[in-house]
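Chemist: Below is the sequence, then the predicted model.
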Amino acid sequence: MRKYGYSNIFLRIASILYFTVRMGKRNSVYDDLEKLLGRPPRNIEQFLADYKSKWM
């Protein structure tokens, strides 16, 4: 990724995030998005169905 111009700090943060997720350290689910939106978030299937015309 360095050859594509990403900075060292970005690569370091991305690596930390990747490894913490991969090791199962970030497997908690929070309701912050629902609180922010005021509704439950859509799943990917619903999102794709809602915007099908944009994808085709």
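Modeler: On my side now, so go ahead. Please read all numbers here as calculations on a predicted model, not as lab measurements.

Chemist: Scan the helices and strands of the protein for the one with the lowest mean pLDDT.
Modeler: Using mean pLDDT, DSSP states H and E, the weakest-scoring helix or strand in the chain turns out to be helix 52-55, at a mean of 88.

Chemist: Show me which residues of that helix are buried.
Modeler: When burial is assessed from 16 or more other CB atoms under 10 Å, helix 52-55 yields no buried residues. The way it works is simple: take the backbone N, C-alpha and C, and place the C-beta from them, glycine included.

Chemist: what does the model give residue 27 for pLDDT?
Modeler: On pLDDT, residue 27 comes in at 73.

Chemist: Run a quick neighbour tally on residue 37.
Modeler: Counted with other CB atoms under 10 Å, the neighbours of residue 37 add up to 10.

Chemist: before we move on, what about the one 3 residues further on?
Modeler: Residue 40: 9 surrounding residues under other CB under 10 Å.

Chemist: Got phi/psi on it?
Modeler: Residue 40 has phi and psi values of phi -70, psi 140 when expressed as degrees, to the nearest 10.

Chemist: what's the burial count for residue 7?
Modeler: Neighbour number of residue 7 under other CB under 10 Å is 10.

Chemist: from here on, count from 7
Modeler: That works, and once the first residue is 7, the last one we named lands at residue 13.

Chemist: now it: how far from residue 58?
Modeler: Residue 13 is 37 Å from residue 58, where distance means CB to CB, to the nearest Å.
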